[in-house]
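Asks: sequence unknown, structure follows:
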Ligand SMILES: [Zn+2]
């Protein structure tokens, strides 16, 4: 089992670790900062560096049970080696801003239009969310963008918690999102709360305050049917 600092501290950009396994282009560490992907957020990239100065580029990561494997092309570090695991922080931080921006969008659209989210996806500084949003129309684009940026400028705190299953399932705000899709056996639920705006069950990495997102531009929307609407955003510097 790999300990992943990303779940408790999204700002951990590097850690020292030991290689537990190396197999077919992938490296298992005892502790890592790499997010393995999930919930629409892509896996991190970065580097593993050995104490004697050899660098192995990491092109991605994936989860296998409780293990996190780092995808490395070419030579692999030896099992037992000590390495530092280091994120491509610019890319990760851009993903944290984007992921948090999508939560703000989700919170605003639910609060002001009662539309619930059905899915989403992102790359650094661009993302999309799908809503059950029958009344979505072109003239709402500018208004949604304005209200999202109001919440960003309010610099709301974003809190991470891990709750026992029963406690999480008793929170009405969580039940409207994807919590019902969680595996039956899961005992703890990680939650992300934008204080006063949004609460979701979520495994990803986020910034600590909405102000750090910068600014959001709603770049458009598409109808995926009468009810289902996809909204696209871009994340810009303030
Ligand atoms: Zn999230």
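Replies: Cool, the structure landed. All values reported here derive from a predicted model rather than from experimental measurement. Numbering: from 1, shown residues only.
Asks: residue contacts, the residue nearest to residue 94 when sequence neighbours are not counted?
Replies: Using C-beta to C-beta, 6 or more residues apart in numbering and skipping residues adjacent in sequence, the residue nearest residue 94 is residue 124, 3.6 Å away. From N, CA and C alone the C-beta is placed, and that goes for glycine too. Residues near residue 124 by C-beta atoms under 8 Å, 6 or more residues apart in numbering: 91, 94, 95, 98.
Asks: Let me know the pLDDT of residue 124.
Replies: If you check residue 124, the pLDDT there is 98.
Asks: sorry, back to before: which among the contacts of residue 124 count as buried?
Replies: 91, 94, 95, 98 (16 or more other C-beta atoms under 10 Å).
Asks: doesn't residue 127 make contact with the second one?
Replies: What it means is residue 94. No: Residue 94 is not in contact with residue 127 according to C-beta atoms under 8 Å; the separation is 10.7 Å.
Asks: what touches both of the two?
Replies: residue 235.
Asks: For the chain, what lies in contact range of the ion?
Replies: 99, 192, 202, 204 (C-beta under 5 Å from the ion).
Asks: Which of those residues fall in strands?
Replies: Using DSSP state E, residue 192 are the members of those that sit in strands.
Asks: Lowest pLDDT pick from the residues of the chain next to the ion?
Replies: Among these, residue 202 has the lowest pLDDT, at 88.
Asks: pLDDT wise, what is residue 170 at?
Replies: Value listed for residue 170 in the pLDDT field: 85.
Asks: That one: neighbour count?
Replies: By other C-beta atoms under 10 Å, 11 other residues sit near residue 170.
Asks: quick one: contacts for it?
Replies: Per C-beta under 8 Å, 6+ apart, neighbours of residue 170: none.
Asks: Relative to residue 111, how far out is it?
Replies: If you measure residue 170 against residue 111 using C-beta to C-beta, to the nearest Å, the figure is 21 Å.
Asks: Thank you, goodbye.
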